[in-house]
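J.: with the input below, show me the fold.
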Amino acid sequence: MISTGLCEDAIQRILANLPSASGDLTKYLLTVCQRYEGHPCYLLIAGEISRVLLSRTSPSEFVDFCEESRNPEPFLLPILEDLSSTISVRSYDQALVVLPFLLPFGERQWPESRSEEYRSFRDLIEYTWYVTECKPDLDVIVLPYLPTDILYLYGKYLKGIKEDEKALSVLDKARHQSPVHAGILGDTVSLMLRHRNIAKAIPLLALSFKTAWMKEDLAAAFRNQGFLLSLQEDKEAAIACYLMAETWEESHDGREELKLITGENGDLDYGYFNLNGKEILSDRNVPIGPDSVIISLLTGIAENYLEEHNLMKAREYLIRAGQLLMSDEIEARIQMIERQLEDNGVF
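T.: Numbers count the residues shown, from 1 in each chain. The predicted structure is shown next:
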């Protein structure tokens with residue numbers, strides 16, 4: 001294992017020799033990339049290089065650099081992660097500075113074919129759900145997810161600054177590329193409900209419940225359901241949905257919606273909803289937890305990794321299932337795997 005100090009020393013040497021002219025800068029950094037390609041510190045170095053380029057080059061120069069590097073992903077991912085964090089805290093002015101560096105990689109032509117369909121997925125679980133539940137007629141060609149992720153975050157940005165029509169257009173493109181991405185579905189439904197387009201929102205909302213394998217996506221589905229029920233003037237069920245969402249993720253927006261329903265005092269009989277919430281939702285045919293198919297697929301993938309003796313990946317998928325289901329049985333299996341990893345010196 002490479003030491004963090006060794007990587008930091010390499011990064012400091014690189015930064016100490018940065019040329020002042022932008023043309024010389026990109027040439028120098030390309031040489032650095034070639035020198036360190038395959039090095040254990042390469043991803044950390046690439047992340048630092050991406051931040052230098054973001055601050056000292058134009059978007060077009062950044063695109064040219066990434067094209068010449070042959071593999072732009074290590075330079076795009078750190079910026080994308082920063083953009084995601086920026087949007088999540090609603091720093092939209094800061095996001096606007098970063099987006100021009102990323103959008104050229106997200107807005108490129110998506111391939112189309114009559115004999116194959118081109119899709120992208122965040123994770124194996126989404127691909128598995130898509131081929132087993134949607135049963136596509138054409139062969140599915142899986143393309144890198146990165147361009148879709150850029151479109152997704154761009155759509156979230158546009159939604160955040162209330163450019164709703166453009167946000168829906170961008171999210172529709174992202175959803176075409178990744179049709180069972182519960183995050184894209186959730187933001188699309190939220191925009192549709194904002195504009196009272198209930199008929200189009202309902203089937204996408206149902207799909208977002210079925211495909212939610214991340215706890216924040218499941219929480220968003222419940223918040224969207226709560227908003228739909230509030231539009232339908234079903235106050236009791238709307239409250240039950242917003243409270244159910246809090247099981248998986250606390251949300252400022254969710255709490256604000258609850259205030260609109262209950263009034264500024266926010267007087268709620270939590271005991272009543274703890275006792276009756278699931279029944280209230282079941283009576284409206286609203287899910288009361290994660291979809292059983294998703295849980296089965298997550299645990300099934302974990303079992304496959306266990307058979308391959310890949311304990312880390314098995315643990316990863318069991319943790320995901322556990323975050324959704326909050327099951328003592330799954331937690332016990334995770335602890336068993338962690339003890340094995342400790343015995344193997346991994347932990």
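J.: what pLDDT is listed against the residue nearest the centre of the chain?
T.: When the chain is reduced to its mean C-alpha position, the nearest residue by C-alpha atoms, centre = their mean turns out to be residue 183, at 6.2 Å. In the predicted model, residue 183 carries a pLDDT score of 98.
J.: tell me if I'm right that it and residue 211 touch.
T.: No - under the criterion of C-beta atoms under 8 Å, residue 183 is not in contact with residue 211, lying 9.6 Å apart. Bear in mind the C-beta positions are built from the backbone N, C-alpha and C, glycine included.
J.: overlap in contacts of the two?
T.: residue 217 (C-beta atoms under 8 Å, 6 or more residues apart in numbering).
J.: mind checking which helix or strand residue 162 is in?
T.: Secondary structure assigned from DSSP states H and E places residue 162 in neither a helix nor a strand.
J.: and if you look at residue 294?
T.: Once you assign secondary structure using DSSP H and E, residue 294 falls within helix 292-307.
J.: buried stuff in that helix?
T.: 294, 295, 297, 298, 299, 301, 302, 305, 306 (16 or more other C-beta atoms under 10 Å).
J.: gap between the fifth one and residue 123?
T.: Relative to residue 123, residue 299 is positioned 15 Å away (C-beta to C-beta, to the nearest Å).
J.: can you tell me the SS state at the nearest residue to the residue nearest to the centre of the chain once chain neighbours are set aside?
T.: The shortest distance from residue 183 to any non-neighbouring residue, by C-beta to C-beta, 6 or more residues apart in numbering, is to residue 217 (5.4 Å). When states are read from DSSP: H, G, I helix; E, B strand; the rest coil, the local structure at residue 217 comes out as helix.
J.: do the same with the one 4 residues further on
T.: For residue 221, the secondary structure call by three-state DSSP comes out as helix.
J.: residues near it, how many?
T.: Here the count is done by other C-beta atoms under 10 Å, and residue 221 has 30 residues near it.
J.: could you do residue 171 as well?
T.: Summarising burial for residue 171: neighbours were counted as other C-beta under 10 Å, giving 27.
J.: list the contacts of the nearest residue to residue 298 once chain neighbours are set aside.
T.: When the adjacent residues along the chain are set aside, residue 298 lies closest to residue 321, with 4.0 Å between them (C-beta to C-beta, 6+ apart). Contacts here follow C-beta under 8 Å, 6+ apart; on that basis residue 321 touches 295, 298, 299, 302, 327, 330.
J.: and the strands in the stretch 51-200 of the chain?
T.: 116-119, 139-142 (DSSP state E, counting those that start in this stretch).
J.: CSV for those strands, including distance to residue 94?
T.: As requested, the strands of the stretch 51-200 of the chain are arranged in CSV below (distance: least, C-beta to C-beta, whole Å):
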stretch, distance to residue 94
strand 116-119, 31
strand 139-142, 32
